[in-house]
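Q: Fold the following for me, if possible:
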Amino acid sequence: MGGFVMSDALTTIVFAGGGSGGHIFPNLAIAQRLGEQGLAFNAHFLVSARPLDAQILRQHAHVFTALPVEPLPRGLGALARLPGFVRAWRNSVAAVRRVILQERVGAVVATGGFASGPAVWAASRTRVPVTLVNLDDPPGWANRLLARRADTVFSVFDGFKGQRIGYPLRGGAVGGVDPASARQQLGLNPDRHTLLVTGGSQGAATVNQMMACLVQMPEAKLALAGWQVLHLTGGEQDIEPLGRAYEQAGVPSKVQPFCEQMGLAWCAATVAISRAGAGSVAEVWANATPTIFLPYPYHKDQHQKKNAKPLVAVDGAVICDDLIDAQANADQLLEPLTQLMGDNNRRRVMIEAMRRSQPPNGAAVVADWVTQRIKTN
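A: Take a look at the predicted model:
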């Protein structure tokens with residue numbers, strides 16, 4: 001448990017979803033929107049036991065419970081791991097029931113995935129209103145099952161039951177300032193074009209390795225002359241070698257694991273290279289940042305590629321396959337990246353296309369659902 005002390009007099013809204021920032025940040029956005037609407041409530045987050053979940057929620061000073069729930073075992077050795085999965089599931093459901101019994105829970109907002117399962121299951125059996133927010137295309141097996149127990153379903157993508165909404169974004173995910181001001185606030189040179197490189201909260205390894213190769217290529221060095229790089233590595237292990245690579249290439253850089261002010265980072269960027277998680281795609285769109293997406297290559301359903309296709313369809317972004325090999329990635333990215341960096345008119349067209357087609361923020365829609373349920377119960 002972490003965060004501030006809750007008030008026994010207020011209704012508690014449970015926000016379930018974890019295992020990655022992509023399941024937690026939308027819940028933070030919905031909670032933020034509820035506060036902006038003036039609803040007085042306690043927020044209790046139910047997340048996975050992965051360290052990243054606790055790290056995110058402690059930074060935002062929210063009360064949370066880390067559930068021992070695990071993903072359903074699959075593949076080689078799945079049968080042997082099944083008893084452990086069942087024990088973790090039962091313990092997680094029991095933990096959710098304790099929250100429901102001890103607090104005045106008025107509604108559960110679940111953003112899907114394995115960490116949402118025990119919360120939706122327990123809440124539906126105790127008649128607490130539940131909404132499921134589907135964030136991926138296609139929806140995973142967990143979301144397909146959980147949708148049957150939810151009172152209401154919202155989906156960021158077409159083709160899934162429920163109401164279509166925009167991705168729920170926190171206020172801090174949208175920059176809202178001019179690029180020079182954003183760069184200055186991030187400790188960058190305000191007058192230099194900026195390349196943002198980010199792999200999201202997970203899966204940054206091949207992106208990092210690709211950039212270490214790319215900046216050594218003569219064509220890339222030439223294109224980066226007069227530019228600077230803000231590189232978010234997703235972890236500590238690649239900071240030092242990447243810093244050396246940029247220094248050897250003569251490219252000014254700021255290399256760090258994460259950025260808590262992603263709105264400023266997108267706003268500061270002239271061009272970005274990014275994974276294509278649903279949240280990253282939504283942030284790119286909301287900030288109108290010309291971006292080359294490098295979808296995470298290890299998902300069997302390749303849903304990150306599907307996440308980015310609507311933005312590519314409006315001519316707001318480019319997709320390249322992650323070839324996993326660092327040099328192969330650098331070779332294939334060199335031409336589209338240097339062309340985009342060198343073509344001011346192309347970037348203007350992309351920015352205008354994104355601004356014309358930006359979807360609304362889904363956080364407001366889900367927050368309205370929560371408020372209505374609290375008022376009618």
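
Q: my guess is M210 contacts N329, does it?
A: Yes - using CB atoms under 8 Å, M210 makes contact with N329 at a distance of 3.8 Å. Yep, even glycine has a C-beta here, placed from its N, CA and C like the rest.

Q: Quickly list what's touching both of those two.
A: L294 (CB atoms under 8 Å, 6 or more residues apart in numbering).

Q: and these two? which has more neighbours close in?
A: Ranked by neighbour count (other CB atoms under 10 Å), M210 and N329 place M210 first, with 26 against 23.

Q: Can you tell me the element the more buried one falls in?
A: Using DSSP states H and E, the element containing M210 is helix 205-214.

Q: neighbours around V86, how many?
A: For V86, using other CB under 10 Å, the count is 12.

Q: what helices or strands is the helix holding M210 leaning on?
A: strand 193-198, strand 227-232, helix 239-249, helix 326-342 (3 or more CB pairs under 8 Å, 6 or more residues apart in numbering; DSSP states H and E).

Q: cutoff 7 Å now
A: If contacts are counted by 3 or more CB pairs under 7 Å, 6 or more residues apart in numbering; DSSP states H and E, helix 205-214 sits against helix 239-249, helix 326-342.

Q: correct me, but Q261 touches G172?
A: Yes - at 6.2 Å, Q261 counts as touching G172 under the criterion of CB atoms under 7 Å.

Q: coming back round to it: what angle do the helix holding M210 and strand 227-232 make?
A: 160 degrees (axes from the mean of the first three to the mean of the last three CA atoms, to 10 degrees).

Q: State the mean pLDDT of the helix or strand just after helix 205-214.
A: Counting by DSSP H and E, the next helix or strand C-terminal to helix 205-214 is helix 218-223. Averaging pLDDT along helix 218-223 gives 97.

Q: wouldn't M350 be in contact with P290 here?
A: Yes - counting by CB under 7 Å, P290 is a contact partner of M350 at 4.4 Å.

Q: State the pLDDT value of Q372.
A: Confidence score, pLDDT, at Q372: 92.

Q: helix, strand or coil for it?
A: helix (DSSP: H, G, I helix; E, B strand; the rest coil).

Q: For F293, see how far away I319 is.
A: Per CB to CB, to the nearest Å, I319 is found 5 Å from F293.

Q: How many neighbouring residues does K221 have?
A: 15.

Q: Now do the longest helix along the chain: which elements does it pack against?
A: Counting residues, the longest helix found in the chain (DSSP state H) is helix 78-102. With contacts taken as 3+ CB pairs under 7 Å, 6+ apart, helix 78-102 sits against strand 63-67, helix 117-125.

Q: Give me the next element, helix or strand, following the last one.
A: By that I understand helix 117-125. strand 130-134.

Q: list the buried ones in that following strand?
A: V130, T131, L132, V133, N134 (16 or more other CB atoms under 10 Å).

Q: which one of those is nearest V93?
A: Closest approach between the buried residues of strand 130-134 and V93, by CB to CB: V130, at 14.0 Å.

Q: what pairs with the closest one across the strands?
A: On the basis of DSSP bridges, V130 is bridged to V108.

Q: unless I'm mixing things up, L186 is touching G263, no?
A: No - contact criterion CB under 7 Å: L186 and G263 do not qualify, at 10.7 Å.
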